[in-house]
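**Student:** fold the following and give me the result.
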Amino acid sequence: MVSSMKPRTLCILTVMVILFSPSAILADVGPKPSMEFNLIYETTETVTLIDGQQLQCEDESCSQPRPLEQLGPQGFYCEQDSCSSLAYGYAPYQKLVLNFSDGTRESNVFEAGSYHARFDVRVTDTGLVIEERTSTALERLPFFLVALVLTLVIEVLAALLFLLVTKRPKSVLTSVVKANLISLPVVWFIFPLLKVFLLVVVLSEIFAIVFEGYFIHLLNKTVLSLKQSFILSIITNTASFIIGGFILFISALFLV
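**Tutor:** You can find the predicted model right below:
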C-alpha cells in the first residue's frame, strides 16, 4: 500500500510545489506583449542615445504617466539604433522619453495596434515622431523557435521524471514532443490575436494542459489512464511555466 502511494504522493507534492512557488508570478516561454522601436535619425548634428523610458498612460492626454516597471523579463531596453520592451501587460496608451547627448526628446502619445507591435521612430531636432509598422508572424519566427526548443527540453525532462517515478514506459516521451509541436504554434500565433495579456495567458495555459492531456492519452491508452495523462500534462506545462520564466528572468538581468 505504501509503495503504491509513493508515486501518486510525489506527483501531488510536485504539482503543489510548482503551483505555489513564488516563481509562478513569472511568465513562461509563451508569447508576451512586446514593442520594438527602430530609431531613424533626422537630426542636424549626430547625437548619441544615452537612455530612456517608456511611459504608461491611462488616457490620451497622459496626465499621470508612469515608467514601465522593471519586473523580471519585463522592461524597456535601448541601444543606439533601437529600443524594445516586453511586458506582462501594457497600459492603453504609451509615450517615449529618450535622453540623447544633446538633450531629452519626447514622443506623441500612441497606442499599439497589435500584440507584437513594431514602430519606426524618427528622431528630429525637437522630438520623436512614432509610426507603427505591421508586424508579421515571420518576424517572430526566430523567437518562437527558441521558445519551442526550450519548451521541449524542459517538458521532456519533466515528463521523464514523471515516467521514472510512476514506472511508465519512456516511449510516452514521443507523444509529449508531438503534443507540443501542435500546441505551441497555436499558443504563440493564435491566442495573441486576443491582445489582452491576462486572457491570452489563462486561455493558452488551459488549452495547452487540456489538449496535451487528451493527446498524450490518445496515443498511450494502454499504458496511461486519462487521469495520469492529465497529471503529466499539468506537471510538464507548469514546469515550463516556472523554469521558462526563471530563464527569462536571468536573461533580463544581462540586458539591464
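**Student:** C-alpha from now on. contacts and neighbour counts both.
**Tutor:** Fine.
**Student:** any weak-confidence spans in this protein?
**Tutor:** 1-31, 113, 134-139, 195-197, 245-246, 248-256 (pLDDT under 70).
**Student:** strands of that one, start to end?
**Tutor:** Secondary structure of the chain (DSSP state E): strands located at 34-41, 49-57, 66-67, 75-78, 82-86, 93-100, 103-106, 116-123, 128-133.
**Student:** what would the ones you listed look like in TSV with mean neighbour count?
**Tutor:** Listed next are those as TSV, based on neighbours: other CA atoms under 10 Å:
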stretch	mean neighbour count
strand 34-41	20
strand 49-57	20
strand 66-67	16
strand 75-78	21
strand 82-86	19
strand 93-100	20
strand 103-106	16
strand 116-123	20
strand 128-133	18
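**Student:** and the ones you listed: which comes nearest Val187?
**Tutor:** Of all those, strand 116-123 sits nearest to Val187, with 13.9 Å by CA to CA.
**Student:** so what strands line up beside that closest one?
**Tutor:** On the basis of DSSP bridges, the sheet neighbours of strand 116-123 come out as strand 34-41 (parallel), strand 128-133 (antiparallel).
**Student:** tell me the helices in the protein, going along the chain?
**Tutor:** Here the chain has its helices, by DSSP state H, at 2-20, 137-166, 172-189, 197-219, 226-255.
**Student:** and the shortest one, what does it pack onto?
**Tutor:** Other helices and strands packing on helix 172-189, by 3 or more CA pairs under 8 Å, 6 or more residues apart in numbering; DSSP states H and E, are helix 137-166, helix 197-219.
**Student:** would you mind finding the most buried of those?
**Tutor:** Most buried of the helices and strands packed on helix 172-189 by mean neighbour count (mean count of other CA atoms under 10 Å) is helix 197-219; its value is a mean of 18.
**Student:** show residues contacting that helix.
**Tutor:** Residues outside helix 197-219 that contact it (CA atoms under 8 Å, 6 or more residues apart in numbering): 32-33, 88-89, 172, 175-176, 179-180, 183-184, 187, 191-192, 194, 224-226, 229-234, 237.
**Student:** dump the residue contacts of the residue lying closest to Leu86 once chain neighbours are set aside.
**Tutor:** Among residues not flanking Leu86 along the chain, Ser34 sits closest, at 4.4 Å (CA to CA, 6 or more residues apart in numbering). Ser34 makes contact with Ser84, Ser85, Leu86, Ala87, Tyr115, His116, Ala117 under the criterion CA under 8 Å, 6+ apart.
**Student:** any chance of a markdown table for the strands of the chain, columns distance to Ile243?
**Tutor:** Listed next are the strands of the chain as a markdown table, based on distance: least, CA to CA, whole Å:
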| stretch | distance to Ile243 |
| --- | --- |
| strand 34-41 | 21 |
| strand 49-57 | 28 |
| strand 66-67 | 27 |
| strand 75-78 | 19 |
| strand 82-86 | 18 |
| strand 93-100 | 31 |
| strand 103-106 | 38 |
| strand 116-123 | 23 |
| strand 128-133 | 33 |
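**Student:** which among the ones you listed is found nearest to Leu141?
**Tutor:** strand 116-123 (12.1 Å).
**Student:** list of residues touching that closest one?
**Tutor:** Under the criterion CA under 8 Å, 6+ apart, residues 33-43, 128-135 lie in contact with strand 116-123.
**Student:** pull the distance from it to the chain's centre.
**Tutor:** Chain-centre distance of strand 116-123: 21 Å, with CA atoms, centre = their mean, to the nearest Å.
**Student:** so this protein: which segments form each domain?
**Tutor:** 2-30+137-255, 34-133 (automatic domain parsing).
**Student:** what is Ile40 paired to in the beta sheet?
**Tutor:** Here Ile40, judged by DSSP bridges, has bridge partners Arg122.
**Student:** show me what contacts it?
**Tutor:** Counted by CA under 8 Å, 6+ apart, Ile40 has contacts Asp81, Asp120, Val121, Arg122, Val123.
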